[in-house]
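**Student:** got a structure for you, letters missing:
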């Protein structure tokens, strides 16, 4: 009987040990799952160093003081003056409730209520810091975040003319498309994946094909590039 009790107790201790290990692993987060969850973040944040989008690059975010990435110009004053240093604890609090953790910040999402998802995201960010720069660029993977220097001739703008309420956009393949003036947007991208100077790119901006964005390397290019012609 005693031998049986010893076996049962050993089995219980083993099971509890395995449960504890599983709980610790879950608390530490799963970077593979985190990579999946990060796709929701990738619309606004890159993992490529200094490639900023709506939000700052998250390359090297662990151990970085909040609001201090020199290449990002759009931090809120609340974030810059917060004295927060990003680590697992502060990132967890931020991801739980950004406006509650740093009141006055301009972060636009409401927070993640599930602790396991937050842990997975933080584990992924920790792992992404060990990637080589070229791998970080691949990991960034934001939808529509293509390298505008590498687009084909159908997406490289040769000329733009304007005749009241209509823009005519001619691309390097010789094709011309007409846009109602409210349906054509002019943007800039000065990053490493932006267009070459003097060679703006055109990208679609609507499911119906009647809207587009022309992206220049600098704002100074926009006015001189567009010619009034009827």
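**Tutor:** Looks like it arrived, so ask away. Note that the structure is a prediction, hence the values are computed from the model and not measured.
**Student:** And the strands in this protein?
**Tutor:** Taking DSSP state E as the test, the strands found in the chain are 157-163, 166-171, 176-180, 184-188, 201-204, 212-216, 226-228.
**Student:** Just send these back as JSON lines, with distance to residue 112, mean pLDDT and mean neighbour count too.
**Tutor:** Using the backbone N, CA and C atoms, a C-beta is placed for each residue, glycine as well. Output for those, formatted as JSON lines (distance: least, C-beta to C-beta, whole Å; pLDDT from 0 to 100; neighbours: other C-beta atoms under 10 Å):
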{"stretch": "strand 157-163", "distance to residue 112": "40", "mean pLDDT": "97", "mean neighbour count": "16"}
{"stretch": "strand 166-171", "distance to residue 112": "41", "mean pLDDT": "97", "mean neighbour count": "17"}
{"stretch": "strand 176-180", "distance to residue 112": "39", "mean pLDDT": "95", "mean neighbour count": "14"}
{"stretch": "strand 184-188", "distance to residue 112": "30", "mean pLDDT": "96", "mean neighbour count": "16"}
{"stretch": "strand 201-204", "distance to residue 112": "30", "mean pLDDT": "94", "mean neighbour count": "18"}
{"stretch": "strand 212-216", "distance to residue 112": "31", "mean pLDDT": "97", "mean neighbour count": "20"}
{"stretch": "strand 226-228", "distance to residue 112": "44", "mean pLDDT": "97", "mean neighbour count": "11"}
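**Student:** and residue 39, how many residues sit next to it?
**Tutor:** When neighbours are counted by other C-beta atoms under 10 Å, residue 39 registers 11.
**Student:** what sits against residue 161?
**Tutor:** Residue 161 makes contact with 167, 168, 226, 227, 228, 229, according to C-beta atoms under 8 Å, 6 or more residues apart in numbering.
**Student:** okay if I get those as a markdown table plus distance to residue 75?
**Tutor:** Shown next, in a markdown table, are these (distance: C-beta to C-beta, whole Å):
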| residue | distance to residue 75 |
| --- | --- |
| 167 | 35 |
| 168 | 40 |
| 226 | 33 |
| 227 | 38 |
| 228 | 39 |
| 229 | 42 |
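**Student:** Hmm, residue 187 is touching residue 216, no?
**Tutor:** Yes - Residue 187 lies in contact with residue 216 (C-beta atoms under 8 Å); the separation is 7.3 Å.
**Student:** looking at the protein, which helix or strand does the model trust least?
**Tutor:** Ranked by mean pLDDT, DSSP states H and E, the weakest helix or strand in the chain is helix 2-28, scoring a mean of 42.
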